[in-house]
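Undergrad: Fold the following and give me the result.
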Amino acid sequence: MTARQPSPGRPASQPARAARARRAGAAQGVLFPTTVVGSYPVPEWLERLKTDYYQRRISAQHLNEIHQVAIKAALKDQELTGLDIVSDG
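TA: Predicted structure coming up:
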């Protein structure tokens with residue numbers, strides 16, 4: 001069975017991305033590619049900023065910008081630990 005190709009303008013599904021990553025890892029000689037399963041913990045500072053947003057202390061735009069920083073930090077953590085497949089969830 002092969003993974004379906006995504007429609008133009010539509011991102012690939014998580015299983016399809018994982019399958020591609022496994023093939024890429026196998027091509028690089030990685031016998032068992034490593035990744036994480038489940039949710040990455042939300043940093044306490046981001047939870048505080050969400051509270052600030054709900055209490056209208058910061059704008060939605062500012063919260064979104066900070067959220068993008070948190071995603072990049074989570075990906076960087078995974079890269080630094082040496083995971084073969086990193087994911088933002």
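Undergrad: From here on, just use CA atoms for contacts and neighbour counts.
TA: OK.
Undergrad: now the helices for the chain?
TA: 14-27, 44-54, 60-81 (DSSP state H).
Undergrad: Flag every buried residue along the last one.
TA: It stands for helix 60-81. 63, 70, 71, 74, 75, 78 (16 or more other CA atoms under 10 Å).
Undergrad: ditto for the second one
TA: Under the neighbour-count criterion of 16+ other CA under 10 Å, helix 44-54 has 49, 50, 53 buried.
Undergrad: could you check the distance from residue 75 over to residue 82?
TA: Taking CA to CA, to the nearest Å as the measure, residue 75 falls 11 Å from residue 82.
Undergrad: Take the helices of the chain and lay them out in JSON lines including distance to residue 36 and mean pLDDT.
TA: Shown next, in JSON lines, are those (distance: least, CA to CA, whole Å; pLDDT from 0 to 100):
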{"stretch": "helix 14-27", "distance to residue 36": "12", "mean pLDDT": "63"}
{"stretch": "helix 44-54", "distance to residue 36": "20", "mean pLDDT": "96"}
{"stretch": "helix 60-81", "distance to residue 36": "8", "mean pLDDT": "94"}
